[in-house]
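> Got a sequence here, can you build the structure:
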Amino acid sequence: MAFVSCEKEPAIKTTVYGRVVTYGTSDYPSDTLLPVELVETTGGSGLGVGEVVRQTKYTDDVGNFSFSFTAGNRQDLFWVRVPHTHTPPLHYDMSTHGGFNVPIGKVSNVNIVLKPVAWIELHVRNVNPKPGDILFVNWGGFPPEFHGMADDTVILSGGGNSNIPISLTLYRDGNWNNFKDTVFLPAFDTTYHLLEY
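Next up is the predicted model:
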């Protein structure tokens, strides 16, 4: 007769604290208290698969939060996030980002950084137009096109307090030419940018 004993992995104490801030600043992005979720995903899966909200707490009036918990094993992943339903005005929600990873078995400082909204007033001018010219501006899935003797302006939104790359493709004389430009977008503002080709 054989006896097999299974020892349960000991619970792993973990603490995470930090602040909710606007990207590129140390500013708290809200004039109200924001909920912060501690999310667990089991078996090493990513957010959205086997996801369970373990705790929800509110920040203090300057954005601080803290969670202490025990993790059942090291294969589970933990995240902190502001729920997308509570995103402060003029900030992008975290639905495409998911959250910020929490190291297991440690005391960690993990800030939740929310991207502010900014706008670009993009003025596109064809200074040497040729028949059949087409310029495509790749801007986050919304590629505006400019044809022929373009002298047009479009307003697009993007992440503030950061340099935003602009990928451009020009079709001219039967050839495709790619080039890039970069513009810094300050948060909560509209930046004028002239693009001549």
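> tell me the contacts of Ala118?
Each residue near Ala118 by CB atoms under 8 Å, 6 or more residues apart in numbering is listed here: Ser157, Gly158, Gly159, Gly160, Asn161, Leu185, Pro186, Ala187, Phe188, Asp189, Thr190, Thr191. Just so you know, the C-beta spots here come from the backbone N, C-alpha and C atoms, and that holds for glycine as well.
> element containing it, please.
Assigned by DSSP states H and E, Ala118 falls within strand 117-125.
> Spell out which strands sit alongside that strand in the sheet and which way each one runs.
Strand 117-125 has the following strand partners under DSSP bridges: strand 151-159 (antiparallel), strand 190-196 (parallel).
> Redo these as a markdown table? Include mean neighbour count, mean pLDDT and distance to Ser26.
Listed next are the strands paired with strand 117-125 as a markdown table, based on neighbours: other CB atoms under 10 Å; pLDDT from 0 to 100; distance: least, CB to CB, whole Å:
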| stretch | mean neighbour count | mean pLDDT | distance to Ser26 |
| --- | --- | --- | --- |
| strand 151-159 | 14 | 93 | 17 |
| strand 190-196 | 13 | 96 | 22 |
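> got the ones you listed as TSV, with distance to Leu38 columns?
Output for those, formatted as TSV (distance: least, CB to CB, whole Å):
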stretch	distance to Leu38
strand 151-159	25
strand 190-196	37
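> To Val62, which of those lies closest?
strand 151-159 (23.1 Å; CB to CB).
> I'd like the next helix or strand past that closest one.
Proceeding N to C from strand 151-159, the next assigned helix or strand is strand 162-172, under DSSP H and E.
> Can you name the next helix or strand after that next one?
That would be, after strand 162-172 and using DSSP H and E, strand 175-185.
> for that next one, which positions count as buried?
Within strand 175-185, the residues scored as buried using 16 or more other CB atoms under 10 Å are Val183, Leu185.
> Looking at the strands paired with strand 117-125, which is nearest to Thr14?
So among those, strand 151-159 is nearest, using CB to CB, at 30.3 Å.
> residues contacting Val62?
Listed by CB under 8 Å, 6+ apart, the contact partners of Val62 are Arg19, Tyr28.
> per-residue confidence at it?
In this model, Val62 is scored at 96, pLDDT.
> now Gly46
We have a pLDDT of 59 for Gly46.
> just to revisit the earlier point, buried ones in the strand holding Ala118, by neighbour count?
Those buried within strand 117-125 under the rule 16+ other CB under 10 Å are Val117, Ala118, Ile120, Leu122, Val124.
> which residues sit against whichever helix or strand comes after that strand?
Scanning forward in sequence from strand 117-125 by DSSP H and E, the next helix or strand is strand 134-138. With contact meaning CB under 8 Å, 6+ apart, strand 134-138 is reached by 122, 124, 126, 143-147, 150, 154, 166-171, 195, 197.
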